[in-house]
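Undergrad: Need a 3D model of the sequence below.
(2 chains)
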Amino acid sequence: AQRVTQPEKLLSVFKGAPVELKCNYSYSGSPELFWYVQYSRQRLQLLLRHISRESIKGFTADLNKGETSFHLKKPFAQEEDSAMYYCALLNQAGTALIFGKGTTLSVSS
Amino acid sequence: NAGVTQTPKFRVLKTGQSMTLLCAQDMNHEYMYWYRQDPGMGLRLIHYSVGEGTTAKGEVPDGYNVSRLKKQNFLLGLESAAPSQTSVYFCASSYPNTGAEEQFFGPGTRLTVL
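TA: Down below sits the predicted model:
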């Protein structure tokens, strides 16, 4: 079965604190994973993809096949990081994304 | 470029009424998608299309129909609306040759069914 699990509905941290948004997946073979973000009053947009091994807005995510995880991390949270974050998995056919239920990140000063 | 646009932005229906949501994209994308977003349920795929004239069912297709008569447009229809279809609906499209990875989303349509 192909599935994405985001165990936290809400994550609240203080500005400057480290952030880790959890994502676990179920997939046969080599998965392709992504993080999407939806800021308030903005459209959902791609944040980063694991194959690029990039850092976007200070966020990184490493694929851990042993733990079937793709957690999103940032060492020092900023208030502008407050948003809804979705982890997504490309389906076997390569035709659609399977999204998790999302985690709302709230960063306060 | 306008990107992905959705019409209408808001709509209130009574149970049993029908309506069509229009999604248009001007990026020459092959793939298009319809999602619904509900609190605590995240983003769920309703139907999608990998090219003009083709459609496929997603995770939650019941109660919806779609058509992709033109490459740039993807229509989502509700034949007989139910309160359970109250949701925010998002359309998305993706690049022609790189598949479904990077999807570009519309602004959403907020639908309330009374």
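Undergrad: residues contacting the residue in chain B positioned nearest to chain A?
TA: Using Cβ to the nearest Cβ, residue B:42 is the residue of chain B that sits closest to chain A, at 3.5 Å. All C-beta spots, glycine's among them, are computed from the backbone N, C-alpha and C. Applying Cβ atoms under 8 Å, 6 or more residues apart in numbering or on different chains to residue B:42 gives the contacts A:6, A:86, A:99-102.
Undergrad: if I look at residue A:97, how far off is residue A:56?
TA: 18 Å (Cβ to Cβ, to the nearest Å).
Undergrad: more crowded one of the two?
TA: Taking other Cβ atoms under 10 Å in any protein chain shown, residue A:97 and residue A:56 do not tie; residue A:97 has more neighbours (28 against 15).
Undergrad: Can you name the residues of chain B sitting close to chain A?
TA: B:31, B:33, B:35, B:40-45, B:48, B:50, B:56, B:58-59, B:90, B:92, B:99-108 (Cβ under 8 Å from any Cβ of the partner chain).
Undergrad: try it again with 7 Å
TA: For chain B, the residues in contact with chain A (Cβ under 7 Å from any Cβ of the partner chain) are B:31, B:33, B:40-43, B:45, B:48, B:50, B:58, B:90, B:99-103, B:105, B:107.
Undergrad: Please produce a PyMOL select command covering the buried subset of the residues you listed.
TA: Only the buried entries of those go into this PyMOL selection, using 16 or more other Cβ atoms under 10 Å in any protein chain shown:
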select buried, chain B and resi 31+33+42+43+45+48+50+58+90+99+100+101+102+103+105+107
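Undergrad: Filter the residues of chain B next to chain A down to the ones in strands?
TA: Among the residues of chain B next to chain A, the members found in strands (DSSP state E) are B:31, B:33, B:42-43, B:45, B:48, B:90, B:103, B:105.
Undergrad: export those residues to TSV and tack on pLDDT?
TA: As requested, those are exported to TSV (pLDDT from 0 to 100):
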residue	pLDDT
B:31	92
B:33	96
B:42	90
B:43	93
B:45	95
B:48	96
B:90	97
B:103	91
B:105	96
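Undergrad: do you know how far the closest residue to residue B:31 other than its chain neighbours is from residue B:101?
TA: Of all residues not flanking residue B:31 in the chain, residue B:94 sits nearest, at 4.4 Å (Cβ to Cβ, 6 or more residues apart in numbering or on different chains). Going from residue B:94 to residue B:101 by Cβ to Cβ gives 7 Å.
Undergrad: Also residue B:80?
TA: According to Cβ to Cβ, residue B:80 stands 35 Å off from residue B:101.
Undergrad: what's the burial count for the residue of chain A found nearest chain B?
TA: For chain A and chain B, the shortest gap (Cβ to the nearest Cβ) falls at residue A:101, measuring 3.5 Å. For residue A:101, the neighbour count with other Cβ under 10 Å is 19.
Undergrad: same check, this time on residue A:104
TA: 15.
Undergrad: likewise residue A:65?
TA: The burial count for residue A:65: 11, using other Cβ under 10 Å.
Undergrad: Just list the residues touching it, thanks.
TA: Contact analysis of residue A:65 by Cβ atoms under 7 Å, 6 or more residues apart in numbering or on different chains lists nothing.
Undergrad: Without its sequence neighbours, what residue ends up closest to residue A:58?
TA: Going by Cβ to Cβ, 6+ apart, residue A:58 has residue A:74 as its nearest residue, at 5.0 Å.
Undergrad: which residues does that neighbour bridge with?
TA: Applying DSSP bridges to residue A:74 gives these bridge partners: residue A:19.
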